[in-house]
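Peer 1: Sequence and predicted structure are below.
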Amino acid sequence: MTNPIRTGTRCVSTMLSFAAALLTAGAATAQETATPAVETPTPAVTETTPPTTGATPSPEGGVSLDLNVVARQLDIARSEIQPSLGATVYDFSRQAIETQPQGDNQPLNRLLLQAPGVTQDSFGQLHVRNDHANLQFRLNGVELPEGINVFGQSLQTRLANSVALITGSLPAQYGLRTTGVIDIQTKTGTLDPGGSVTMYGGSQSTLQPSAEWGGRVGQIDYYFTGEYLQNQEGIENPAPTPNAIHDFTQQPKGFAYVSGIIDATSRLTAILGASRSQFQIPQVAGQTPGLGLTVNGVSDFASRQINDFAILAYQKRVGDIDFQIAGFSRYSDLYFSPGNPTGDLLFNGIAQTAYRQNWASGVQGDGSWRASPEHTLRSGFIIQRERSPFSTTSNVLPVDENGVQTTDVPISIFDSGSKTGWIYGYYLQDEWKIVPTVTVNFGARYDQFAEFVSERQLSPRVNVVWQPNDATTFKIGYSRYFTPPPFELIAAPTLALFANTTAAPAVPLDSTPKAERSHYFDVGATQIILPGLKAGVDAYYKIASDLIDEGQFGAPVFFTPFNYQKGLVKGIELTLSYDIENWSFYGNFSAAEEIAKNIISGQFNFSQMTLAFITNSYIHTDHDQTYTSSAGIKYTLPPCNTRFAVDLTAGSGLRTTNPGGSPNGAALPGYQQVNFSVVQPIDTGFLKGMEFRFDVINPFDEIYQIRSGTGLGVFAPQFGPRRTFLAGLTQRF
C-alpha cells in the first residue's frame, strides 16, 4: 500500500522544484485554451435534420423536460442569433481563466491583456488595436450601456464561463462601440452546480474574500457570486517605489443570474450586478509647485464610483426562427474630491470637487431566420435613453488682466447641468453560403443619436469566409463604422465662469465632440499546422473622420472626449497556440500605428501652440504603442494535478512628449512583465475538496513606466506593479 504521507511529500517537493525551474528559466505563461480564431460558418440546417426539443416521455404517459438538454439547446440558439462570422475572435474558456496567474481573482482587464493587440494603460484602461476606449461589453448577448467607468472593470472575472474578444470587421449586429466587443457568457447553475468560498490576499495589504453558488430548483437555474477587494495599490503608483503613497482602495462587487425555463423552446432570464469602489489618488513625494501661488486646505478619500446594472431577457424559438428581446438598465456615478485642495491649487491653479452621474435604460432585440440551407437572415434593434447630470465646485484664485494673483483667498465657482439623450439602431443581414466552402455575410445597420449633437449614418458591412479544408480558413471584410462620443463624459465647464482666475483656459473655444465615422478593412487567415498547433495572421486598416480620443485634463480622474479631424490606424497581429497532453502554449505579437491631426473639439483643454502644430501635421495618439506581445505556458504535473503557469506581457511603450519636441513625439522605454502561478488541488475527503493557489506578480521586480505624465491628455505618471506575492485557499462544495 502506498504511504499517503510519503506520496503527498513527493508531490509537494516535485511541485516546488518545478516552480523554481520555471522561475529560473523566466518562461512565459500558459493559458490552456485561450486561442485565436476566425469565426467560421456554422453547418447549414438541412431539411432532413430532425428538430430537437429536449422533451422525453414521462412514466405517467405525459411529456417531461430534460432541463439540461433544453438549457444547452437554448444557449446554442442564442449564440447563433449573434454570430461573429468574418470577425477576429480570441477566446478565453473557463479552464483558460482558471489556469492563468490569479485565476478568478484577477481583474477582467488583466485577463484581456493576454489577447493579441491589447495594450495596458493607467486607471485600468485597455487599448485594443491602438484605439482609445470604444469597447463594448455584452452579457449573454445583451449589450451593456457604457456608463462612467474609470478605474478598470466593474465586472468580476469569476462570473464568466467564457470571455471572447471580438475585433476586426464586425458584422452588422455590432454597432456603436466597435473597436472591440468583450462577449461574456456567464456561469449558470446548470453548467457548474455547487459553489466555493475563497480567501485570497498578500502583498500591498491585499485582502480579497469571495464566494459563489449555483444550482437549479425545478425549472429555475440560478448563480450568485460576490467578492470584496481592498489593498494599498488601487491606482497605478505614480512613482517607481515598491509602495504607493495614499493609495488605499475598497471594492465590493456582486452578481446574480436567475433563469427560468418556460417550455422546451423558451426561457426568461434576469441578470443583476452591482459594484461600489472607493479610491485614494496616490501622491508623488518631493515635488515643488511651479506656479508661484499661495493657498492651503485638506481632505480624505478622493474618489468614489458606483456601477449597477440589470437585464431581463426573453428567448424563444418558433420553428426556424430564434429571437431574444431584452430590457436593460445601468446606473453609474463618479464622485471626486481633492485629497489635498491646497496641493491642487498650488500645482494646477484649480481644486475641484466633481460629480457625474449616468442612468441608461433601453431595449434590445435580436433574431434569426433560417430561410433555407443557404440563407440565414438576421435582424435586430436597440433603443436606449440616457440621463446624465453633472455638478462641479471649483476653488480657484483671482488674477488680474496680466494673470497675476490678486489674493491668496480662494473663491468657489459652482457649475451644474444635465442632459437627456437617445440612441436608436437597426440592422439587417444575410449569411449566404455561396458554395460549400465559401460563406458571405452582408448587410447594413442604421444608427442615430440625439444627445449634445444629433447625427446618423447607414453603415454597410460585408465579410467573406473561405474554408478550403478543415485546417485552413481565410477571411476578408469591410465595415463602415459610426461611433457616437461617450455621452456621460461630454459635459464641459462653462468657460466664461473662469475668466480672470487661475483656471482660465488659454484657448477659450469648446466645440462639441462629434460622432466618429470610419472605413475599416480587415484580412486574415488561420491554419492548423499539426494536431494541437494553430497559427493565425490578421491585418487591418482604418480611415477615420472625427476620430474620437479621450484625455484626463486636470486633477479629477474624469476623461474628456475630443475629436481629431482625421485619423489613420493600421496594424498586423500574429497568433500561435499549441496544446499537447499536459502542456499548453500560446504567443501573440502585434505591430500597429495610430496617427491623427487637427483637434476640432474640446479645444480649451490644449495650448495654442499644440493646436497650431496639430492643425496640419499628423501626430501619434498618446495611446499608440508600436509593438505589443503576450505569451504563456502551462503545465499540469501528474499524479497530483499540480498546475504551473507563467504569462508574459510586453510592449514598446506608450507615447510621451520630450521637452521642446512635438506632442506625443517620443515613446517610453519598452517593458515586459512576467507573472507566475502554481495551483494545487487538495483532496480532503470533505465535499469537493480544496485548492491552494500561490501567485507572484512581476517576480523579477521589473520597474517600468506606463505613463510619463506628458503627452496630450496625460495628467500624471504611472508605473507598472512591483513584485507582489498573493496566495489563496478555496473550499469547493
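Peer 2: Nice, I can see it. Numbering: from 1, shown residues only.

Peer 1: Please make it C-alpha for all contacts and neighbour counts, starting now.
Peer 2: Noted.

Peer 1: before we move on, what SS does residue 443 have?
Peer 2: strand (DSSP: H, G, I helix; E, B strand; the rest coil).

Peer 1: An error on my part: the question was meant for residue 409.
Peer 2: Following three-state DSSP, the label given to residue 409 is coil.

Peer 1: what's the distance between it and residue 399?
Peer 2: Applying C-alpha to C-alpha, to the nearest Å, the value for residue 409 to residue 399 is 11 Å.

Peer 1: Between those two, which has more neighbouring residues?
Peer 2: More crowded of residue 409 and residue 399, by other C-alpha atoms under 10 Å: residue 399, with 17 against 12.

Peer 1: who are the neighbours in contact with that one?
Peer 2: Going by C-alpha atoms under 8 Å, 6 or more residues apart in numbering, residue 399 touches 405-407, 500-502.

Peer 1: try it again with 10 Å
Peer 2: 405-407, 499-504 (C-alpha atoms under 10 Å, 6 or more residues apart in numbering).

Peer 1: swap in residue 380?
Peer 2: Going by C-alpha under 10 Å, 6+ apart, residue 380 touches 81-82, 172-173, 323-325, 364-368, 425-429, 445.

Peer 1: roughly how far apart are it and residue 213?
Peer 2: 34 Å.

Peer 1: Give the helix, strand or coil label for the most centrally placed residue in the chain.
Peer 2: Note on the chain: the residue nearest the mean C-alpha position is residue 109, at 5.3 Å, using C-alpha atoms, centre = their mean. With three-state DSSP as the basis, residue 109 sits in helix.

Peer 1: I'd say it and residue 120 touch.
Peer 2: Yes. Using C-alpha atoms under 10 Å, residue 109 is in contact with residue 120, at 8.4 Å.

Peer 1: which residues are common contacts for these two?
Peer 2: With C-alpha under 10 Å, 6+ apart, residue 109 and residue 120 have common neighbours residue 126.

Peer 1: just to revisit the earlier point, let's see the PyMOL selection covering just the buried ones among the contacts of residue 399.
Peer 2: Written as a PyMOL command, the selection of buried residues from the contacts of residue 399, which uses 16 or more other C-alpha atoms under 10 Å, is:
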select buried, resi 405+500+501+502+503+504
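
Peer 1: Count the neighbours of residue 173 for me.
Peer 2: 24.

Peer 1: Identify the residue nearest it in space, chain neighbours excluded?
Peer 2: Using C-alpha to C-alpha, 6 or more residues apart in numbering and skipping residues adjacent in sequence, the residue nearest residue 173 is residue 427, 6.2 Å away.

Peer 1: show me where pLDDT drops low in this protein?
Peer 2: Residue ranges of the chain with pLDDT under 70: 1-65, 147-152, 284-302, 339-340, 343, 490, 554-557.

Peer 1: so where do the helices sit in the stretch 1-150 of the chain?
Peer 2: With helices called from DSSP state H, counting those that start in this stretch, the stretch 1-150 of the chain shows them at 4-25, 67-81, 94-99, 108-112.

Peer 1: partners of the helix or strand that residue 522 is a member of, with directions?
Peer 2: Using DSSP states H and E, residue 522 maps to strand 516-530. Strand 516-530 has the following strand partners under DSSP bridges: strand 472-483 (antiparallel), strand 533-551 (antiparallel).

Peer 1: now those in CSV, with distance to residue 193 and mean neighbour count?
Peer 2: Output for the strands paired with strand 516-530, formatted as CSV (distance: least, C-alpha to C-alpha, whole Å; neighbours: other C-alpha atoms under 10 Å):
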stretch, distance to residue 193, mean neighbour count
strand 472-483, 37, 24
strand 533-551, 33, 21
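
Peer 1: need those strands in CSV with distance to residue 182, can you?
Peer 2: Shown next, in CSV, are the strands paired with strand 516-530 (distance: least, C-alpha to C-alpha, whole Å):
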stretch, distance to residue 182
strand 472-483, 16
strand 533-551, 18
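
Peer 1: Give the helix, strand or coil label for residue 345.
Peer 2: Assignment for residue 345 (three-state DSSP): helix.

Peer 1: and the gap between it and residue 503?
Peer 2: 10 Å.

Peer 1: One more: residue 393?
Peer 2: Distance from residue 393 to residue 503, by C-alpha to C-alpha: 12 Å.

Peer 1: Can you check which residues contact both of the two?
Peer 2: In contact with both residue 393 and residue 503: residue 351, using C-alpha under 10 Å, 6+ apart.

Peer 1: where exactly do the helices run in the stretch 301-450 of the chain?
Peer 2: 341-348.

Peer 1: Which residue ranges of it form strands?
Peer 2: In the stretch 301-450 of the chain, strands defined by DSSP state E, counting those that start in this stretch lie at 303-318, 321-336, 350-369, 375-396, 411-435, 438-450, listed in chain order.

Peer 1: Just tell me which of those strands ends up closest to residue 658.
Peer 2: For those, proximity to residue 658 was assessed by C-alpha to C-alpha; strand 350-369 is nearest, at 25.3 Å.

Peer 1: The closest one packs against which elements?
Peer 2: Packed against strand 350-369, as judged by 3 or more C-alpha pairs under 10 Å, 6 or more residues apart in numbering; DSSP states H and E, are the following elements: helix 67-81, strand 142-143, strand 303-318, strand 321-336, helix 341-348, strand 375-396, strand 411-435.

Peer 1: If we use 8 Å, what do you get?
Peer 2: With contacts taken as 3 or more C-alpha pairs under 8 Å, 6 or more residues apart in numbering; DSSP states H and E, strand 350-369 sits against helix 67-81, strand 321-336, helix 341-348, strand 375-396.
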